[in-house]
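Trainee: Next input, structure requested:
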Amino acid sequence: MALTTLAGIVAEVRSLINETTAAFYSDSEIGSWINEAQEEIGHETFCLRTYKTYTILADDIFDEREIRMDSDFIAIDEGLVYYNDVACYPTTMAKLVKENDEWRSATGTPARYYIRGDMLGFDNKIAAGATVKFYQIERATTLASSVAPFNGDYRLINFRKLLRDYAVSMCWYKKGEDTKGDRWWARYLKGLEDMKSLLNIDIDNSYQMIPEDHPAKFYPREHFPEWGQS
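Mentor: Predicted coordinates for the structure are as follows:
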């Protein structure tokens, strides 16, 4: 059996819980746990990094200068943001206000960007039809018959077994077999830590959607004394 498809992972889970045909568990139930695991792993490890090219639509623009990140977005990765292929450098709304209290009426090609929640904003007004490019950490596509785990990323093939281990633990927990569930859960957690280590992920889970020390974060508190100094 192979862990290349949702059906293959379900089959491996069934083999390990000794229920090769649907009885106590349905295929859709096991599949939901597998997808739950993929979502958790993606958020815990930031394993899917991509370069995003996005064409702005009129309905996407908020307050003349912000756009909301797409649904496949988890976090901004390292690197600059480009507006119509012009490099924009990180700033904060606080710095923009301090430099010019009428900055919201500024027009022209943006030169700086800021982050407010899941909104990406610019120092100048933006326009529909413009392109925005940036490095992001994305969500894994929900597994289905034609969708490979972790968006088919070949570097993550060895970690597909974590989806199986997570689902096996959930199966045992549902049946009240907590000892067996704990054993498979510990196996899943060990694999998750190994994955973080191999991918050079911060083991102490200090990541956030937008890290506190990101220079474009809206009001990064630890930099409060430095506002206006740069």
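
Trainee: Run a quick check on Lys161 versus Leu3, I expect a contact.
Mentor: Yes: contact status for Lys161 versus Leu3: in contact at 6.2 Å, counting by C-beta atoms under 8 Å. In this view, the C-beta of every residue, glycine as well, is placed from N, C-alpha and C.

Trainee: Name the residue in these two with the higher neighbour count.
Mentor: With other C-beta atoms under 10 Å as the criterion, Lys161 and Leu3 differ in neighbour count, and Leu3 comes out ahead with 20 against 16.

Trainee: Contact partners for the closest residue in space to Thr91 that isn't next to it in sequence?
Mentor: In space, and not counting its chain neighbours, Thr91 is closest to Arg112: 4.2 Å by C-beta to C-beta, 6 or more residues apart in numbering. Counting by C-beta atoms under 8 Å, 6 or more residues apart in numbering, Arg112 touches Cys88, Tyr89, Pro90, Thr91, Leu96, Phe122, Asp123.

Trainee: Please report phi then psi for Arg112.
Mentor: phi -140, psi 160 (degrees, to the nearest 10).

Trainee: does it have beta-bridge partners, and which?
Mentor: Tyr89 (DSSP bridges).

Trainee: Look up how far Asp59 lies from it.
Mentor: Taking C-beta to C-beta, to the nearest Å as the measure, Arg112 and Asp59 are separated by 24 Å.

Trainee: pLDDT below threshold where in this structure?
Mentor: In the predicted model of the chain, residues 1, 200-230 satisfy pLDDT under 70.

Trainee: does Glu19 count as helix, strand or coil?
Mentor: coil (DSSP: H, G, I helix; E, B strand; the rest coil).

Trainee: Skipping adjacent residues, who's closest to it in space?
Mentor: Taking C-beta to C-beta, 6+ apart as the measure, Glu19 lies nearest to Tyr25, with 6.3 Å between them; neighbours along the chain are not counted.
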